[in-house]
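K.L.:
Have a look; sequence and predicted model below, questions after that.
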Amino acid sequence: MARSARKFPRHNPKLFSSMFRKYIIPLIALAGVLFAVYTVVWGDKPPRSAPPVTAAPQSPYPAFVAGAGIVEASTENISVGTHLAGIVAKIYVHVRSVVKTGDPLFMIDDRATQAEIETRRAAVHVTETQLAEANYDLALVEPLVAKGVATQDDLKKQRFATNTSAAQLGRVRAELKSAETELERLTVRAPVDGEVLQLKLHLGEFAPVTATAAGEPPLLLLGNVTPLHVRVDVDENNAWRVHAGTAAVGYLRGNLKITTPLSFVRFEPYVVPKKSLTGDSTERVDTRVLQVIFSFERDRLPIFVGEQMDIFIDATEREQPRTALNE
């Protein structure tokens, strides 16, 4: 046993170093090669495409034209602004309020205009008194001229004074009317029957005149939603296949179970560049589209203004192109 212990020592650094270089280092290198091969093979696989949220809608027509549509009010979406800039003093409506033509929507602070109206009314009262005095004096001078007590110059002067007072009265009355009109303009009223779709007003805020022109959201968005309209973009290459009175059907984006038949309303007679919905300022749009307006009754459908719909238009009757010669 002693000889065996001397022949095979428990701790032999030279033997361990030799075994490490001969076996372990090659095994580590082989593992690295295998890992590299696995990484390359796995990374070379194409990425797995995510399944669609909903299945693509299918057209119910054998021949059709497809297009994307945006739901809008039947009066189109009206961006209501203010005639005069100022602080919002009153708001008469809220989102989804139903209004009639002429109903007040909101009012700009009118205290300065009210004070001006009172000043104009006082000026009218003073001028009316002056005109009454001038007419009274004229009535006294005319008989005196007839009797030879007063001269014709006196009569002309009095008539001139009367005419001047009358002109002055007309001017101050016009100024009063202008101030009253200014007061009326401070109350913004509904231009059409409809529903308030969006309200970006708060009491005490400053309402600018050029909010929409400056690219900011409108102060108030209004429109008639009975019925609703959907504005469909039809590629100009397929525009000839769509005719007035054609049938169509719309599917709400995200839920194919929400669908409705559509009734043709009109064509927009001017073909426009297609609008991009990505919001990328560097994107170029080369396609032009014909906009077709359809209507539908919302009833209880959960469809709102501004949503997108997939539209299929029946094009069965327009599969063969026609020209003015063969019509």
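P.N.:
The structure has been received and is ready for your questions.
K.L.:
who touches Leu199 in this structure?
P.N.:
91, 93-95, 220-221 (Cβ atoms under 8 Å, 6 or more residues apart in numbering). All C-beta atoms are positioned from the backbone trio N, CA, C, and that covers glycine.
K.L.:
hmm, 7 Å instead?
P.N.:
Taking Cβ atoms under 7 Å, 6 or more residues apart in numbering as the contact definition, Leu199 lies against 94-95, 220.
K.L.:
And for Leu252?
P.N.:
Contacts of Leu252 by Cβ under 7 Å, 6+ apart are 258, 303, 307, 309.
K.L.:
ok, now with 6 Å
P.N.:
When contacts are counted by Cβ atoms under 6 Å, 6 or more residues apart in numbering, Leu252 touches 258, 303, 309.
K.L.:
Next, the residue nearest to Phe296 when sequence neighbours are not counted: secondary structure please.
P.N.:
Of all residues beyond its chain neighbours, the one nearest Phe296 is Thr260 (4.7 Å), with distances taken as Cβ to Cβ, 6 or more residues apart in numbering. Classification of Thr260 using DSSP: H, G, I helix; E, B strand; the rest coil returns strand.
K.L.:
For Thr260, give the beta-bridge partners.
P.N.:
Counting by DSSP bridges, Thr260 is bridged to Gly250.
K.L.:
pLDDT averaged over the helix ranked longest in the chain, what's the number?
P.N.:
Among the segments of the chain that qualify as a helix by DSSP state H, the longest is helix 111-147. Across helix 111-147, pLDDT averages out at 92.
K.L.:
cool, stretch 28-36 as well?
P.N.:
79.
K.L.:
Check the offset of that stretch from the chain's centre.
P.N.:
Its chain's average C-alpha position is 61 Å from that of stretch 28-36, according to Cα atoms, centre = their mean, to the nearest Å.
K.L.:
pull the CA atoms of that stretch into CSV?
P.N.:
The C-alpha trace of stretch 28-36 is given here as CSV (Å, rounded to 0.1, in the frame of the first residue of the first chain):
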residue,chain,number,x,y,z
ILE,A,28,-14.5,24.0,-24.0
ALA,A,29,-13.6,24.9,-27.5
LEU,A,30,-16.0,22.2,-28.9
ALA,A,31,-18.8,23.6,-26.7
GLY,A,32,-18.1,27.1,-28.0
VAL,A,33,-18.2,25.9,-31.6
LEU,A,34,-21.5,24.1,-31.0
PHE,A,35,-23.0,27.2,-29.3
ALA,A,36,-22.0,29.4,-32.2
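K.L.:
quick one: buried residues of that stretch?
P.N.:
By 16 or more other Cβ atoms under 10 Å, stretch 28-36 has no buried positions at all.
K.L.:
Start at 335, not 1
P.N.:
Will do, 335 is the new start, and the previous item becomes stretch 362-370.
K.L.:
Next SSE downstream of the longest helix of the chain?
P.N.:
helix 486-519 (DSSP states H and E).
K.L.:
so for that next one, what's the average pLDDT?
P.N.:
93.
K.L.:
for the helix or strand following it, packing partners?
P.N.:
The first helix or strand that comes after helix 486-519 along the chain, using DSSP H and E, is strand 521-523. Strand 521-523 sits against strand 438-442, with contacts defined as 3 or more Cβ pairs under 6 Å, 6 or more residues apart in numbering; DSSP states H and E.
K.L.:
Packing partners of the strand it packs on?
P.N.:
strand 420-425, strand 521-523.
K.L.:
name the element His563 belongs to?
P.N.:
Going by DSSP H and E, His563 is in strand 562-569.
K.L.:
Can you name the residues that contact the closest residue to Ser393 other than its chain neighbours?
P.N.:
Excluding the flanking residues, the one nearest Ser393 by Cβ to Cβ, 6+ apart is Phe646, at 4.1 Å. By Cβ under 6 Å, 6+ apart, the contact set of Phe646 is 393, 398, 400, 583.
K.L.:
Now with 10 Å, please.
P.N.:
391-395, 398-401, 566, 581-585, 593, 596 (Cβ atoms under 10 Å, 6 or more residues apart in numbering).
K.L.:
one step back: now do the longest helix of the chain against strand 420-425, angle only.
P.N.:
For helix 445-481 against strand 420-425, the angle between stretch directions is 100 degrees (axes from the mean of the first three to the mean of the last three Cα atoms, to 10 degrees).
K.L.:
buried ones in helix 445-481?
P.N.:
Buried residues in helix 445-481 (16+ other Cβ under 10 Å): 447, 450-451, 454, 457-458, 461, 464-465, 468, 472, 475, 479.
K.L.:
ok so, going back, can I get the strand holding His563 in PDB, CA atoms only?
P.N.:
This file holds the C-alpha atoms of strand 562-569, laid out as PDB (Å, rounded to 0.1, in the frame of the first residue of the first chain):
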ATOM      1  CA  LEU A 562     -74.100  58.800 -40.000                       C
ATOM      2  CA  HIS A 563     -72.000  59.100 -43.100                       C
ATOM      3  CA  VAL A 564     -68.900  57.100 -44.000                       C
ATOM      4  CA  ARG A 565     -66.300  58.700 -46.400                       C
ATOM      5  CA  VAL A 566     -64.700  56.000 -48.500                       C
ATOM      6  CA  ASP A 567     -61.400  56.400 -50.400                       C
ATOM      7  CA  VAL A 568     -61.500  54.500 -53.700                       C
ATOM      8  CA  ASP A 569     -58.300  54.300 -55.600                       C
END
